[in-house]
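Q: I'd like to go over a predicted model; first the sequence, then the structure.
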Amino acid sequence: MANTLKLGAGKWATGTDTVLAFNDENNNIKPLPFDFSRASSATVVNQSGLIETVGSGEPRIDFLGNTKGALLLEPQRSNLITYSEDFQSAWTKSGTSVVSGFISPDGTNNAFKLVESSVNQAHTITGNTASVTSGATTTKSIFVKPNGRRWILLLDIHKPSSRAWFDLELGVVGSLQPNAISSKIEKLSNGYFRCSTTSVVGSTASKLRMDIVEDNGLTTGYQGNGTSGVYIYGAQLEQGSYATSYIPTSGSAVTRVAETSSQTTPDGVIGQTEGTVYLDFTVDTISAQTNNPVLWYMKDGGIGERYIELYSNGSLVYLENNGSTIANITKTGLTVGRHKCVIAYKNNDMVFYVDGVQVGSDVSGTPSGFSTFGLQYHQSFYTGQQKVNQVKLYNTRLSNAELAALTTI
(Lines give C-alpha, C1' and ligand atoms only; values in the text may rest on other atoms or scores of the structure.)
Protein backbone atom coordinates (compact mmCIF):
# COMPACT_ATOMS: atom_id res chain seq x y z
CA MET A 1 0.00 0.00 0.00
CA ALA A 2 1.32 3.44 -0.92
CA ASN A 3 2.02 6.03 1.74
CA THR A 4 -0.73 8.63 1.61
CA LEU A 5 -1.20 12.10 3.01
CA LYS A 6 -4.83 13.07 3.42
CA LEU A 7 -6.21 16.49 4.15
CA GLY A 8 -9.92 17.17 4.51
CA ALA A 9 -12.67 19.20 6.15
CA GLY A 10 -13.48 17.98 9.63
CA LYS A 11 -9.81 17.13 10.26
CA TRP A 12 -8.70 20.71 10.70
CA ALA A 13 -7.55 22.03 14.05
CA THR A 14 -5.02 24.44 15.45
CA GLY A 15 -1.92 24.23 17.56
CA THR A 16 -0.46 20.74 17.74
CA ASP A 17 -3.68 18.98 16.77
CA THR A 18 -3.90 17.04 13.54
CA VAL A 19 -4.75 18.95 10.41
CA LEU A 20 -2.86 16.61 8.12
CA ALA A 21 -2.92 12.83 8.57
CA PHE A 22 -0.36 10.34 7.26
CA ASN A 23 -1.37 6.77 6.47
CA ASP A 24 1.75 4.61 6.54
CA GLU A 25 2.15 1.31 4.72
CA ASN A 26 0.41 -0.51 7.57
CA ASN A 27 -2.51 1.94 7.40
CA ASN A 28 -1.59 3.47 10.74
CA ILE A 29 -2.66 7.12 10.99
CA LYS A 30 0.05 9.45 12.24
CA PRO A 31 -0.47 13.16 12.91
CA LEU A 32 1.48 15.76 10.97
CA PRO A 33 0.60 19.20 12.34
CA PHE A 34 0.15 21.59 9.42
CA ASP A 35 1.83 24.98 9.66
CA PHE A 36 -0.91 27.60 9.31
CA SER A 37 -0.52 31.34 9.64
CA ARG A 38 -2.79 34.40 9.60
CA ALA A 39 -1.78 37.30 11.80
CA SER A 40 -5.31 38.59 12.31
CA SER A 41 -8.79 37.40 13.17
CA ALA A 42 -11.21 36.58 10.36
CA THR A 43 -14.83 35.58 9.80
CA VAL A 44 -16.36 32.48 8.33
CA VAL A 45 -19.83 31.01 7.76
CA ASN A 46 -20.13 28.18 10.29
CA GLN A 47 -22.01 24.89 10.14
CA SER A 48 -25.18 26.61 11.38
CA GLY A 49 -25.01 29.03 8.47
CA LEU A 50 -24.08 32.00 10.67
CA ILE A 51 -21.12 34.35 10.46
CA GLU A 52 -18.62 33.84 13.25
CA THR A 53 -15.20 35.28 14.05
CA VAL A 54 -12.19 33.02 14.52
CA GLY A 55 -9.01 34.08 16.23
CA SER A 56 -5.62 34.99 14.82
CA GLY A 57 -3.85 31.98 13.34
CA GLU A 58 -6.93 29.74 13.40
CA PRO A 59 -7.85 27.92 10.15
CA ARG A 60 -11.34 28.60 8.80
CA ILE A 61 -13.77 25.90 7.68
CA ASP A 62 -16.39 27.61 5.53
CA PHE A 63 -19.89 26.12 5.12
CA LEU A 64 -21.34 28.72 2.77
CA GLY A 65 -23.00 26.65 0.05
CA ASN A 66 -21.23 23.51 1.28
CA THR A 67 -22.72 21.29 3.98
CA LYS A 68 -19.44 19.39 4.46
CA GLY A 69 -17.31 22.50 4.84
CA ALA A 70 -14.08 23.52 3.13
CA LEU A 71 -10.84 25.14 4.20
CA LEU A 72 -11.04 28.84 3.29
CA LEU A 73 -7.83 30.58 2.22
CA GLU A 74 -7.87 34.22 1.13
CA PRO A 75 -5.49 37.04 0.21
CA GLN A 76 -5.03 40.14 2.34
CA ARG A 77 -7.92 42.58 2.08
CA SER A 78 -9.09 45.68 3.96
CA ASN A 79 -12.65 46.80 4.63
CA LEU A 80 -12.50 50.53 3.91
CA ILE A 81 -15.98 51.23 5.29
CA THR A 82 -15.20 52.54 8.75
CA TYR A 83 -18.53 51.59 10.39
CA SER A 84 -19.59 48.36 8.74
CA GLU A 85 -22.46 47.66 11.17
CA ASP A 86 -23.42 51.04 12.67
CA PHE A 87 -25.95 52.41 10.19
CA GLN A 88 -27.55 54.65 12.82
CA SER A 89 -25.19 57.62 12.95
CA ALA A 90 -22.25 56.81 10.67
CA TRP A 91 -24.20 56.53 7.39
CA THR A 92 -26.01 59.20 5.38
CA LYS A 93 -29.73 58.55 4.87
CA SER A 94 -31.97 60.16 2.29
CA GLY A 95 -35.62 59.19 2.23
CA THR A 96 -34.88 56.46 4.76
CA SER A 97 -34.48 55.85 8.47
CA VAL A 98 -33.01 52.99 10.45
CA VAL A 99 -34.27 50.99 13.42
CA SER A 100 -31.92 48.82 15.49
CA GLY A 101 -32.28 45.50 17.26
CA PHE A 102 -32.91 42.84 14.60
CA ILE A 103 -31.34 39.42 14.09
CA SER A 104 -28.28 39.61 11.84
CA PRO A 105 -26.35 36.97 9.87
CA ASP A 106 -24.25 36.29 12.98
CA GLY A 107 -27.38 35.32 14.96
CA THR A 108 -27.41 38.29 17.36
CA ASN A 109 -29.58 41.43 17.53
CA ASN A 110 -27.16 43.77 15.80
CA ALA A 111 -28.82 44.28 12.40
CA PHE A 112 -30.85 47.32 11.38
CA LYS A 113 -34.09 47.72 9.50
CA LEU A 114 -33.80 50.32 6.75
CA VAL A 115 -37.26 51.90 6.35
CA GLU A 116 -38.41 53.96 3.37
CA SER A 117 -40.06 57.32 4.03
CA SER A 118 -43.58 58.16 2.90
CA VAL A 119 -42.24 60.84 0.54
CA ASN A 120 -42.01 60.45 -3.25
CA GLN A 121 -38.22 60.40 -3.60
CA ALA A 122 -35.20 58.10 -3.84
CA HIS A 123 -34.72 55.99 -0.68
CA THR A 124 -30.99 55.60 -0.06
CA ILE A 125 -28.24 55.01 2.47
CA THR A 126 -24.60 55.93 1.80
CA GLY A 127 -21.34 55.04 3.53
CA ASN A 128 -18.11 56.96 3.99
CA THR A 129 -15.75 57.97 1.21
CA ALA A 130 -12.84 55.52 1.00
CA SER A 131 -9.42 56.47 -0.35
CA VAL A 132 -8.24 53.98 -2.96
CA THR A 133 -5.51 53.67 -5.56
CA SER A 134 -6.25 55.80 -8.60
CA GLY A 135 -8.37 53.85 -11.06
CA ALA A 136 -8.71 50.92 -8.66
CA THR A 137 -11.12 48.05 -9.03
CA THR A 138 -13.30 47.98 -5.92
CA THR A 139 -15.95 45.58 -4.72
CA LYS A 140 -18.89 46.75 -2.60
CA SER A 141 -21.01 44.29 -0.60
CA ILE A 142 -23.72 44.22 2.06
CA PHE A 143 -25.95 41.63 3.74
CA VAL A 144 -29.64 42.31 3.07
CA LYS A 145 -32.95 40.62 3.90
CA PRO A 146 -36.37 41.67 2.54
CA ASN A 147 -39.01 43.24 4.75
CA GLY A 148 -41.75 44.60 2.57
CA ARG A 149 -39.42 45.43 -0.35
CA ARG A 150 -37.70 42.83 -2.52
CA TRP A 151 -35.44 44.94 -4.76
CA ILE A 152 -32.30 46.88 -3.89
CA LEU A 153 -29.78 48.77 -5.99
CA LEU A 154 -26.03 48.96 -5.28
CA LEU A 155 -23.71 51.49 -6.86
CA ASP A 156 -20.49 53.39 -6.31
CA ILE A 157 -21.06 57.14 -5.94
CA HIS A 158 -17.78 57.71 -7.76
CA LYS A 159 -18.86 55.47 -10.64
CA PRO A 160 -22.65 55.97 -10.80
CA SER A 161 -22.98 54.07 -14.07
CA SER A 162 -21.92 50.88 -12.27
CA ARG A 163 -25.39 50.11 -10.90
CA ALA A 164 -26.51 46.56 -10.08
CA TRP A 165 -30.00 45.42 -9.01
CA PHE A 166 -30.73 42.48 -6.70
CA ASP A 167 -33.94 40.47 -6.15
CA LEU A 168 -34.13 39.51 -2.45
CA GLU A 169 -37.02 37.08 -2.96
CA LEU A 170 -35.67 34.98 -5.81
CA GLY A 171 -32.05 35.50 -4.77
CA VAL A 172 -30.84 36.57 -8.21
CA VAL A 173 -28.96 39.47 -9.76
CA GLY A 174 -31.21 41.67 -11.87
CA SER A 175 -30.14 44.35 -14.32
CA LEU A 176 -26.57 45.59 -14.61
CA GLN A 177 -25.29 48.80 -16.10
CA PRO A 178 -22.22 48.41 -18.33
CA ASN A 179 -19.65 49.70 -15.87
CA ALA A 180 -20.59 47.09 -13.26
CA ILE A 181 -17.88 44.54 -14.08
CA SER A 182 -19.56 41.73 -12.15
CA SER A 183 -22.17 41.23 -9.45
CA LYS A 184 -23.08 38.32 -7.20
CA ILE A 185 -25.71 37.29 -4.67
CA GLU A 186 -25.14 34.55 -2.06
CA LYS A 187 -27.76 33.12 0.28
CA LEU A 188 -27.20 32.48 3.97
CA SER A 189 -29.33 30.17 6.07
CA ASN A 190 -31.31 32.79 8.01
CA GLY A 191 -32.90 34.61 5.08
CA TYR A 192 -30.10 37.08 4.38
CA PHE A 193 -28.35 37.53 1.06
CA ARG A 194 -24.91 38.94 0.54
CA CYS A 195 -25.08 41.24 -2.48
CA SER A 196 -21.87 42.45 -4.10
CA THR A 197 -20.87 44.45 -7.17
CA THR A 198 -17.50 45.30 -8.68
CA SER A 199 -16.44 48.32 -10.74
CA VAL A 200 -13.41 50.41 -11.71
CA VAL A 201 -13.82 53.75 -9.97
CA GLY A 202 -11.53 55.84 -12.19
CA SER A 203 -10.43 58.09 -9.32
CA THR A 204 -8.87 57.93 -5.86
CA ALA A 205 -12.21 57.62 -4.08
CA SER A 206 -14.93 55.01 -3.73
CA LYS A 207 -18.22 55.12 -1.84
CA LEU A 208 -21.01 52.56 -1.46
CA ARG A 209 -24.64 53.58 -1.84
CA MET A 210 -27.63 51.28 -1.49
CA ASP A 211 -31.14 52.18 -2.65
CA ILE A 212 -34.45 50.53 -1.89
CA VAL A 213 -36.24 50.40 -5.24
CA GLU A 214 -39.66 49.30 -6.44
CA ASP A 215 -38.54 47.01 -9.22
CA ASN A 216 -35.69 45.77 -11.39
CA GLY A 217 -33.94 48.51 -13.35
CA LEU A 218 -35.69 51.45 -11.68
CA THR A 219 -33.55 54.33 -10.46
CA THR A 220 -36.02 57.14 -9.86
CA GLY A 221 -37.79 57.84 -6.59
CA TYR A 222 -41.18 56.47 -5.67
CA GLN A 223 -43.92 57.08 -3.15
CA GLY A 224 -42.90 55.13 -0.06
CA ASN A 225 -45.34 53.93 2.58
CA GLY A 226 -43.26 54.74 5.66
CA THR A 227 -43.09 51.14 6.92
CA SER A 228 -41.58 48.87 4.23
CA GLY A 229 -37.91 48.29 3.71
CA VAL A 230 -35.11 45.76 4.19
CA TYR A 231 -32.84 44.51 6.97
CA ILE A 232 -29.16 45.41 6.55
CA TYR A 233 -25.88 44.26 8.09
CA GLY A 234 -22.18 44.07 7.38
CA ALA A 235 -21.23 46.51 4.62
CA GLN A 236 -17.82 46.15 2.98
CA LEU A 237 -15.77 48.09 0.43
CA GLU A 238 -12.48 46.53 -0.61
CA GLN A 239 -9.90 47.02 -3.32
CA GLY A 240 -10.15 43.91 -5.41
CA SER A 241 -12.18 42.27 -8.14
CA TYR A 242 -14.40 40.08 -5.95
CA ALA A 243 -15.86 40.08 -2.44
CA THR A 244 -13.90 38.23 0.23
CA SER A 245 -15.16 37.15 3.64
CA TYR A 246 -16.73 39.83 5.81
CA ILE A 247 -14.36 42.09 7.80
CA PRO A 248 -16.15 43.93 10.66
CA THR A 249 -15.16 47.54 11.42
CA SER A 250 -16.12 50.01 14.15
CA GLY A 251 -14.46 53.38 13.56
CA SER A 252 -11.61 52.73 11.15
CA ALA A 253 -10.64 50.49 8.26
CA VAL A 254 -9.62 46.95 9.24
CA THR A 255 -7.26 44.57 7.42
CA ARG A 256 -7.50 40.79 7.35
CA VAL A 257 -4.04 39.39 6.72
CA ALA A 258 -3.43 36.73 4.06
CA GLU A 259 -3.27 33.10 5.14
CA THR A 260 -0.43 30.66 4.50
CA SER A 261 -0.47 26.93 5.02
CA SER A 262 2.39 24.54 4.40
CA GLN A 263 4.11 21.43 5.73
CA THR A 264 7.68 20.21 5.58
CA THR A 265 7.16 16.46 5.64
CA PRO A 266 9.52 13.60 6.49
CA ASP A 267 11.49 11.92 3.69
CA GLY A 268 9.42 9.31 1.90
CA VAL A 269 6.06 10.89 2.68
CA ILE A 270 6.16 13.15 -0.35
CA GLY A 271 7.30 10.94 -3.23
CA GLN A 272 10.71 12.23 -4.17
CA THR A 273 11.00 10.88 -7.72
CA GLU A 274 7.45 9.62 -8.18
CA GLY A 275 4.11 10.40 -6.62
CA THR A 276 0.56 11.66 -6.99
CA VAL A 277 -1.11 14.85 -5.72
CA TYR A 278 -4.92 15.14 -5.63
CA LEU A 279 -6.90 18.33 -4.98
CA ASP A 280 -10.68 18.66 -4.54
CA PHE A 281 -11.55 22.36 -4.56
CA THR A 282 -14.37 24.83 -5.14
CA VAL A 283 -13.86 28.06 -7.06
CA ASP A 284 -16.39 30.90 -6.68
CA THR A 285 -14.84 33.24 -9.22
CA ILE A 286 -12.37 32.81 -12.05
CA SER A 287 -11.93 35.91 -14.21
CA ALA A 288 -11.94 38.14 -11.12
CA GLN A 289 -8.88 36.39 -9.63
CA THR A 290 -6.49 38.61 -11.52
CA ASN A 291 -3.36 37.41 -9.69
CA ASN A 292 -3.66 33.92 -11.25
CA PRO A 293 -3.52 32.15 -7.87
CA VAL A 294 -1.52 29.02 -7.21
CA LEU A 295 -3.85 26.46 -5.59
CA TRP A 296 -1.08 24.26 -4.18
CA TYR A 297 2.66 23.90 -4.60
CA MET A 298 5.60 21.65 -3.74
CA LYS A 299 9.08 23.12 -3.42
CA ASP A 300 12.63 22.14 -2.64
CA GLY A 301 15.20 24.31 -0.91
CA GLY A 302 16.15 26.03 -4.15
CA ILE A 303 14.44 26.91 -7.42
CA GLY A 304 12.64 23.62 -8.06
CA GLU A 305 8.86 23.58 -7.74
CA ARG A 306 5.66 22.01 -9.06
CA TYR A 307 2.26 23.61 -8.75
CA ILE A 308 -1.31 23.97 -10.01
CA GLU A 309 -2.22 27.52 -11.06
CA LEU A 310 -5.61 28.99 -11.97
CA TYR A 311 -5.52 31.71 -14.63
CA SER A 312 -8.14 34.42 -15.00
CA ASN A 313 -8.95 33.15 -18.52
CA GLY A 314 -10.21 29.86 -17.07
CA SER A 315 -7.05 27.80 -17.62
CA LEU A 316 -5.87 25.37 -14.95
CA VAL A 317 -2.16 24.64 -15.38
CA TYR A 318 0.14 21.94 -13.99
CA LEU A 319 3.76 23.12 -14.08
CA GLU A 320 6.87 21.12 -13.20
CA ASN A 321 9.98 23.27 -12.99
CA ASN A 322 13.59 22.84 -11.92
CA GLY A 323 15.16 26.00 -13.26
CA SER A 324 13.67 25.15 -16.64
CA THR A 325 10.24 23.82 -17.51
CA ILE A 326 9.99 20.03 -17.30
CA ALA A 327 6.22 19.76 -17.82
CA ASN A 328 3.51 22.31 -18.63
CA ILE A 329 0.02 20.86 -19.13
CA THR A 330 -3.07 23.08 -19.40
CA LYS A 331 -6.79 22.48 -18.92
CA THR A 332 -8.78 25.27 -20.61
CA GLY A 333 -12.34 26.39 -20.01
CA LEU A 334 -12.56 25.76 -16.27
CA THR A 335 -15.91 26.90 -14.85
CA VAL A 336 -17.07 28.20 -11.49
CA GLY A 337 -17.97 25.38 -9.09
CA ARG A 338 -16.42 22.23 -7.66
CA HIS A 339 -13.55 20.46 -9.42
CA LYS A 340 -11.18 17.56 -8.78
CA CYS A 341 -7.71 17.45 -10.29
CA VAL A 342 -4.69 15.21 -9.90
CA ILE A 343 -1.13 15.17 -11.18
CA ALA A 344 0.99 12.03 -11.22
CA TYR A 345 4.73 12.18 -11.81
CA LYS A 346 7.52 9.74 -12.46
CA ASN A 347 10.65 9.71 -14.60
CA ASN A 348 9.53 10.42 -18.19
CA ASP A 349 5.91 9.90 -17.12
CA MET A 350 3.88 12.91 -15.97
CA VAL A 351 0.12 13.26 -16.41
CA PHE A 352 -2.68 15.69 -15.47
CA TYR A 353 -6.35 14.75 -14.90
CA VAL A 354 -9.24 17.16 -14.27
CA ASP A 355 -12.80 16.00 -13.45
CA GLY A 356 -12.19 12.44 -14.60
CA VAL A 357 -10.57 13.31 -17.93
CA GLN A 358 -6.89 13.19 -18.89
CA VAL A 359 -5.87 16.70 -19.89
CA GLY A 360 -2.40 15.83 -21.14
CA SER A 361 0.88 14.13 -20.41
CA ASP A 362 4.63 14.60 -20.72
CA VAL A 363 6.93 11.66 -21.43
CA SER A 364 10.29 13.38 -21.06
CA GLY A 365 12.03 14.80 -18.04
CA THR A 366 12.94 13.78 -14.52
CA PRO A 367 10.90 15.40 -11.71
CA SER A 368 12.84 16.75 -8.75
CA GLY A 369 12.46 15.76 -5.14
CA PHE A 370 10.52 18.17 -2.94
CA SER A 371 10.21 18.50 0.83
CA THR A 372 7.60 21.26 1.30
CA PHE A 373 3.92 21.08 0.41
CA GLY A 374 1.70 24.17 0.63
CA LEU A 375 -1.80 25.45 -0.06
CA GLN A 376 -1.79 28.95 -1.50
CA TYR A 377 1.66 30.03 -2.66
CA HIS A 378 4.81 30.97 -0.80
CA GLN A 379 4.85 34.29 -2.69
CA SER A 380 1.91 36.50 -1.69
CA PHE A 381 1.36 37.91 -5.19
CA TYR A 382 0.03 34.56 -6.41
CA THR A 383 -2.64 34.15 -3.75
CA GLY A 384 -6.37 34.10 -4.40
CA GLN A 385 -9.56 32.88 -2.80
CA GLN A 386 -9.83 29.12 -2.56
CA LYS A 387 -12.03 26.61 -0.81
CA VAL A 388 -10.20 23.32 -0.35
CA ASN A 389 -12.44 20.30 0.17
CA GLN A 390 -9.73 17.65 0.29
CA VAL A 391 -6.09 17.03 -0.55
CA LYS A 392 -4.31 13.69 -0.89
CA LEU A 393 -0.63 12.97 -1.50
CA TYR A 394 0.67 9.56 -2.54
CA ASN A 395 4.35 8.66 -2.73
CA THR A 396 3.73 6.44 -5.77
CA ARG A 397 2.47 7.19 -9.25
CA LEU A 398 -1.09 5.85 -9.38
CA SER A 399 -2.40 4.20 -12.53
CA ASN A 400 -4.35 6.22 -15.08
CA ALA A 401 -7.48 4.25 -14.24
CA GLU A 402 -7.06 5.21 -10.58
CA LEU A 403 -6.48 8.85 -11.53
CA ALA A 404 -9.68 8.93 -13.61
CA ALA A 405 -11.70 7.35 -10.79
CA LEU A 406 -10.19 9.67 -8.19
CA THR A 407 -11.14 12.84 -10.09
CA THR A 408 -14.58 11.92 -11.41
CA ILE A 409 -17.19 14.34 -10.05
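A: Right, received. Where do you want to start?
Q: what's the weakest-modelled helix or strand in the protein?
A: One helix or strand of the chain scores below all others by mean pLDDT, DSSP states H and E: strand 4-8, with a mean of 43.
Q: where does the stretch 151-300 of the chain dip in pLDDT?
A: 265-272 (pLDDT under 70).
Q: so which residues of it form strands?
A: 151-156, 159-167, 172-176, 182-187, 193-200, 205-206, 208-213, 222-223, 229-239, 254-256, 260-264, 275-283, 294-299 (DSSP state E, counting those that start in this stretch).
Q: so the nearest residue to residue 295 once chain neighbours are set aside bridges to which residues?
A: In this structure, residue 295 finds its nearest non-sequential neighbour in residue 308, 4.7 Å apart by CB to CB, 6 or more residues apart in numbering. Yep, even glycine has a C-beta here, placed from its N, CA and C like the rest. Counting by DSSP bridges, residue 308 is bridged to residue 296, residue 318.
Q: quick check: residue 308 touching residue 292?
A: No. Counting by CB atoms under 8 Å, residue 308 does not reach residue 292; the two are 11.3 Å apart.
Q: tally of neighbours for residue 330?
A: 14 (other CB atoms under 10 Å).
Q: what's the separation between it and residue 324?
A: 18 Å (CB to CB, to the nearest Å).
Q: before we move on, the earlier item: show me the contacts for the residue nearest to residue 295.
A: 279, 294-297, 316-318, 341, 343 (CB atoms under 8 Å, 6 or more residues apart in numbering).
Q: show me this structure divided up by domain.
A: 4-74+259-407, 77-256 (automatic domain parsing).
Q: report the distance from stretch 225-236 to the chain centre.
A: From the chain centre to the centre of stretch 225-236 is a distance of 26 Å (CA atoms, centre = their mean, to the nearest Å).
Q: could you do stretch 155-169 as well?
A: 22 Å.
Q: pull out the buried positions in it.
A: 155-156, 158-159, 162-168 (16 or more other CB atoms under 10 Å).
Q: got it, and stretch 211-225?
A: Those would be 211-213, 221-222, 224, for stretch 211-225 by 16+ other CB under 10 Å.
Q: return the member of the residues you listed nearest to residue 45.
A: Proximity of the buried residues of stretch 211-225 to residue 45 (CB to CB) peaks at residue 212, which lies at 25.5 Å.
Q: pretty sure the closest one contacts residue 230?
A: Yes. Taking contacts as CB under 8 Å, residue 212 lies within contact range of residue 230: 6.2 Å.
Q: residue 337 bridge partners, please.
A: Judged by DSSP bridges, the bridge partners of residue 337 are residue 283.
Q: burial count for it?
A: Neighbours of residue 337 (other CB under 10 Å): 11.
Q: again with residue 248
A: Counted with other CB under 10 Å, residue 248 comes out at 18.
Q: now residue 368. Nearest residue, chain neighbours left out?
A: Using CB to CB, 6+ apart, the closest residue to residue 368 is residue 304 (4.1 Å).
Q: quick check: bridge partners of the one you found?
A: Residue 304 has these beta-bridge partners by DSSP bridges: residue 322.
Q: same question, residue 140
A: Under the criterion used (DSSP bridges), residue 140 bridges to residue 197, residue 237.
Q: contacting residues for it?
A: 154, 156, 196-198, 206, 208, 235-237.
Q: how about the residues you listed, which pair is most distant?
A: 198 and 235 (14.9 Å).
Q: still on that earlier bit, what touches both of residue 212 and residue 230?
A: Residues touching both residue 212 and residue 230 (CB under 8 Å, 6+ apart): 114, 149, 152.
Q: filter those down to the buried ones.
A: 114, 149, 152.
Q: doesn't residue 142 make contact with the first one?
A: To tie it back to what came earlier, the one meant is residue 114. No. The criterion here is CB under 8 Å, and residue 114 misses it with residue 142 at 10.1 Å.
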